[in-house]
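*Asks:* Test case, fold it:
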Amino acid sequence: MNLEFNKNEDVLKQSLSDLRQRLEKIYEGGGKKAMEKQREKNKLTPRERIDYLIDKDSSLIEIGAFAGYEMYAEQGGCPAGGTVAGIGYVSGRQCVILANDQTVKAGAWFPITGKKNLRLQEIAMENNLPVIYLVDSAGVFLPMQDEIFPDKEHFGRIFRNNARMSGMGITQIAAVMGPCVAGGAYLPIMSDETLMVEGNGSIYLAGPYLVKAAIGEDIDNETLGGAVTHTEISGIADYKFKTEQECMDHIKRMFSMLGEKPKAGFDRIAAKAPKKSAEELYGIFPSDSKPYDVLDIIERIVDGPTLLPRDESQGRSASGFEQFKEDYGKTIVCGYGRIDGWAVGIVANQRLIVKNKKGEMQMGGVIYNDSADKAARFILNCNQKKIPLVFLQDVTGFMVGSRSEHAGIIKDGAKMVNAVANSVVPKITIIIGNSYGAGNYAMCGKAYDPRFIYAWPTAKIAVMGGDAAAKTLLQIEVASRKTKGETLHAEDEQKMFNEIKNRYDKQTSPYYAAARLWVDAIIDPVDTRKVISEGIAAANHNLLIDELKTGVFQV
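*Replies:* Below you'll find the predicted structure:
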């Protein structure tokens, strides 16, 4: 190991330490006092409920832990968007789990709460996964009702999805462990089966105070909408239980009886560990934006070779990764391999400075005409072979300038974007470094429907880098002032540049992206294999129905 490796390792591990500290704070939900109040009512916290529910030899792949991060300071914050959610295994069945966090504003729905729940339902629908709702919510956060109630992607869309999933044959089980109020009352009733916990679970369109104000009736919670009422009188609920544990034990029994459904049939064999240790990813990824060989990243993610051993002199095919058009379009690496046994096609930005077929030097991380052409062809090949795609993003955008424009960079870029947009095999995106401009789109950013999208702590997502953006905005500001007859001194320009850059850099951080659900989670690089494997396992539950159609593009 060299000095550069050790420096990179120290920086990335410090970033991971910072990530864990932020997560620990988020895991506190609404705070220790709120958690204690929950336990005084014989109620578990949402994370305790999920820990009890999932199989003991498994763990939850959490989605949206940073949802709402630093977004609602005036309202007192909304840790994890007021819900804990992810993909886990219950009685051996992979499923989506959503649990309201009653310790955060009584489980009220903020705008980001709705967005997060819709994202989890989208995952369930795309991958045909059963859903478990652990309900404990006071309903919409009224001070922000205009941002959560009426629009297409707001609160009501959740119930529409309940209905659509039921029609798709996706099992939905709702366990009501606390209040379930107003419009939120529809979620458990639109699920396939509704379970309630006596004494704590309640379902009603209007609570006792509103009933008193509206019609003058005096009534208590339990009589109005408790477990006994809804299992013995209204018939709304299907089961009642004395404790949350009994309720979740029943969910486990129900899930153990779910029948198998046809799979998509993505190829999988026995997994092999990567040829080189994943721990070395910490030292390989540069802390200072220097060029690096993305093949060093890939060979620590893909399985070791599954074919007959080859002489090292034959190159990296001995690592378990077979390159496609290795000597063409070198700023994008494409190839076939396996991850945890699953066959995958990998599209990765190459950050080395390389020579093209004409002997010209090409900057790393930039998509050139030949790279876009190669990637588009490879993506179509993977669709034809029914091989899931993995995108490793570290891209600064498409090449600019007269030479690229005259060569038709827009045409070739459009070809690649067309292939990504029309791809019907599952796409999983990992943002390991830069994700700038149209490069984000071509490498399957959020707008291009990746089944799952994750970021390393080193990720940066924006139209362009902080320095470039600050210089551009500063030039515009200086020009604007000159037209008004004003001048800026050098020190004033530098101050303005720093202010713009600091603001822009904050917006490019992975935490800013994760807070807004541009990415599903920020992950430890060592967990990259795991999240890709579980993502393909999820996708394998859904039969491919769409036929590949590439549309019209210029050649």
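
*Asks:* any idea of the mean pLDDT for stretch 70-83?
*Replies:* For stretch 70-83, the mean pLDDT works out to 95.

*Asks:* distance between the ends of that stretch?
*Replies:* Separation of the first and last residues of stretch 70-83 by Cα to Cα, to the nearest Å is 16 Å.

*Asks:* mind checking how far it is from the chain centre?
*Replies:* A distance of 19 Å separates the C-alpha centroid of stretch 70-83 from that of its chain, computed with Cα atoms, centre = their mean, to the nearest Å.

*Asks:* quick one: buried residues of that stretch?
*Replies:* Neighbour counts using 16 or more other Cβ atoms under 10 Å place Met71, Tyr72, Gly77, Cys78, Pro79, Ala80, Gly81, Gly82, Thr83 of stretch 70-83 among the buried residues. To be clear about C-beta, it is placed using only N, CA and C from the backbone, and glycine gets the same treatment.

*Asks:* and the gap between the nearest residue to the second one once chain neighbours are set aside and Gly29?
*Replies:* What that stands for is Tyr72. Here the nearest residue to Tyr72 in space, its sequence neighbours aside, is Cys78; by Cβ to Cβ, 6 or more residues apart in numbering that works out to 4.7 Å. The spacing between Cys78 and Gly29, counted by Cβ to Cβ, to the nearest Å, is 10 Å.

*Asks:* so which helix or strand takes in the residue of the chain most remote from its centre?
*Replies:* Counting by Cα atoms, centre = their mean, the extreme residue of the chain relative to its mean C-alpha position is Gly485, 48.7 Å from that point. No secondary structure element spans Gly485, as it lies outside all helices and strands (assigned by DSSP states H and E).

*Asks:* 773 is where my numbering starts, stick with that
*Replies:* Sounds good: first residue 773 from here, last item Gly1257.

*Asks:* for the buried residues of stretch 842-855, which one is nearest Ala985?
*Replies:* Gly854 (26.1 Å; Cβ to Cβ).

*Asks:* Angles on the backbone of that closest one, please.
*Replies:* The phi and psi torsions at Gly854 (degrees, to the nearest 10) take the values phi 80, psi 10.

*Asks:* check contacts around it.
*Replies:* For Gly854, the set of contacting residues under the criterion of Cβ atoms under 8 Å, 6 or more residues apart in numbering consists of Gly840, Asn872, Asp873, Val876, Lys877, Gly879, Ala880, Trp881, Phe882, Thr885, Ser909.

*Asks:* and the second one, how many residues sit next to it?
*Replies:* Think Asn872. Around Asn872 sit 30 other residues, with neighbours defined as other Cβ atoms under 10 Å.

*Asks:* Roughly how far does it sit from Thr855?
*Replies:* Here the distance between Asn872 and Thr855 works out to 6 Å (Cβ to Cβ).

*Asks:* which residues do those two both contact?
*Replies:* Taking Cβ under 8 Å, 6+ apart as the contact rule, Asn872 and Thr855 both touch Pro818.

*Asks:* Next up, the contacts around the residue lying closest to Arg1123 once chain neighbours are set aside.
*Replies:* Beyond its immediate neighbours in the sequence, the residue positioned closest to Arg1123 (Cβ to Cβ, 6+ apart) is Gly1136, lying 3.8 Å away. Going by Cβ under 8 Å, 6+ apart, Gly1136 touches Pro1063, Thr1103, Asn1121, Gln1122, Arg1123, Leu1124, Ile1125, Val1126.

*Asks:* between the residues you listed, which is nearest Cys952?
*Replies:* Using Cβ to Cβ, the shortest approach to Cys952 within these belongs to Asn1121, at 46.3 Å.

*Asks:* looking at it, that closest one is touching Thr1103, isn't it?
*Replies:* Yes: the criterion here is Cβ atoms under 8 Å, and Asn1121 meets it with Thr1103 at 6.9 Å.

*Asks:* where do the contact lists of the two overlap?
*Replies:* Contact criterion Cβ under 8 Å, 6+ apart; residues bridging Asn1121 and Thr1103 by contacting each: Gly1136, Gly1137, Ile1139.

*Asks:* helix, strand or coil for the first one?
*Replies:* Under the three-state scheme (DSSP: H, G, I helix; E, B strand; the rest coil), the conformation of Gly1136 reads as coil.

*Asks:* any residues in contact with both of Cys850 and Gly801?
*Replies:* Here Cys850 and Gly801 have Val876 as joint contacts, going by Cβ under 8 Å, 6+ apart.

*Asks:* what about the nearest residue to Val1138 once chain neighbours are set aside, how many residues close to it?
*Replies:* Once its chain neighbours are removed from consideration, Val1138 has its nearest residue in Met1171; the separation is 5.1 Å (Cβ to Cβ, 6+ apart). As a burial measure, the neighbour count of Met1171 was computed by other Cβ under 10 Å and equals 21.

*Asks:* now Met1171: how far from Ile1151?
*Replies:* Between Met1171 and Ile1151 the distance is 19 Å, computed by Cβ to Cβ.

*Asks:* which regions of the stretch 973-1122 of the chain sit below the pLDDT cut-off?
*Replies:* 1079-1090 (pLDDT under 70).

*Asks:* Show me where the stretch 873-1022 of the chain has its strands.
*Replies:* Counting by DSSP state E, counting those that start in this stretch, the stretch 873-1022 of the chain has these strands, from start to end: 903-909, 944-953, 965-969, 974-976, 1011-1013.

*Asks:* need those in TSV with mean neighbour count and distance to Lys1278, can you?
*Replies:* Below are these laid out as TSV (neighbours: other Cβ atoms under 10 Å; distance: least, Cβ to Cβ, whole Å):
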stretch	mean neighbour count	distance to Lys1278
strand 903-909	26	31
strand 944-953	25	36
strand 965-969	25	42
strand 974-976	24	42
strand 1011-1013	19	47
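
*Asks:* circling back: of the contacts of Gly1136, buried ones?
*Replies:* Thr1103, Asn1121, Gln1122, Arg1123, Leu1124, Val1126.

*Asks:* Show me which of the residues you listed is closest to Val1303.
*Replies:* The shortest distance between Val1303 and any of the buried ones among the contacts of Gly1136, using Cβ to Cβ, involves Asn1121 and amounts to 19.1 Å.

*Asks:* so who does the closest one touch?
*Replies:* So, once contact is read as Cβ under 8 Å, 6+ apart, Asn1121 ends up touching 1066, 1103-1105, 1136-1137, 1139, 1164-1167, 1205, 1211, 1215.

*Asks:* all helices of the stretch 923-1072 of the chain, in order?
*Replies:* Taking DSSP state H, counting those that start in this stretch as the test, the helices found in the stretch 923-1072 of the chain are 928-939, 958-961, 980-987, 993-997, 999-1000, 1016-1028, 1053-1056, 1066-1070.

*Asks:* Who are the packing partners of the lengthiest helix in the chain?
*Replies:* Longest helix in the chain by number of residues (criterion: DSSP state H): helix 775-799. Identification of packing neighbours for helix 775-799 by 3 or more Cβ pairs under 8 Å, 6 or more residues apart in numbering; DSSP states H and E yields helix 1053-1056.

*Asks:* can I get the CA coordinates of the helix it packs on in PDB?
*Replies:* This file holds the C-alpha atoms of helix 1053-1056, laid out as PDB (Å, rounded to 0.1, in the frame of the first residue of the first chain):
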ATOM      1  CA  LEU A1053     -12.200   0.300  -2.300                       C
ATOM      2  CA  TYR A1054     -11.500   2.800   0.500                       C
ATOM      3  CA  GLY A1055      -8.000   3.400  -0.600                       C
ATOM      4  CA  ILE A1056      -8.500   3.200  -4.400                       C
END
